[in-house]
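> The amino acid sequence is not available; the structure is as follows:
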């Protein structure tokens, strides 16, 4: 019985590769088309990016290809699967937000959500920690 594999890949040490270059590199390695088949979120604060595949691919094999790819090594980037999690942090929330409202929002199929088991508000930070019943509800 194989464990479920994340559809997302983390790229670290991306400072030598512009977002546009990373996008093209991912298209070249995967043979897929950006926007239609995957998305990329750059996280400059931690010098990383996350590619999430909309089209189903073998992400383990994709990571292997990345680590062997000449350009990835040239940019000194690393690639790894993003860990599956049941917990997310929501930030920049309105002051008036309630746990009930957040629960309804994150349980909504239109929001990519799923059953929520717990919401912890942090009003002083305008944030909350949302815990789902399983990792599939936090896309």
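Now that the structure is in, tell me what you want to look at. What you are looking at is a predicted structure, and each value in this text was computed from that prediction instead of being measured.

> Tell me the predicted confidence for the residue located most distally from the centre of the chain.
Distance from the centre of the chain peaks at residue 96, with 27.5 Å (C-alpha atoms, centre = their mean). Residue 96 carries a pLDDT score of 93 in this model.

> now the one 3 residues further on
The model reports residue 99 with a pLDDT of 96.

> mind listing what's buried in the helix or strand bottoming out on mean pLDDT in the chain?
Every helix and strand of the chain was ranked by mean pLDDT, DSSP states H and E. The lowest is strand 87-90, at a mean of 90. By 16 or more other C-beta atoms under 10 Å, the buried positions in strand 87-90 come out as residue 90. C-betas here are computed from N, CA, C, even on glycine.

> For that strand, enumerate the helices and strands it packs against.
Packing partners of strand 87-90 (3 or more C-beta pairs under 8 Å, 6 or more residues apart in numbering; DSSP states H and E): strand 127-132.

> how's the protein carved up into domains?
Per the TED database, the domain ranges recorded for the chain read 8-81, 87-132.

> quick one: average pLDDT of the longest helix anywhere in the chain?
The longest helix of the chain (DSSP state H) is helix 19-30. In this model, helix 19-30 carries a mean pLDDT of 95.

> moving C-terminal of that helix, what's the next helix or strand?
Scanning forward in sequence from helix 19-30 by DSSP states H and E, the next helix or strand is strand 38-43.
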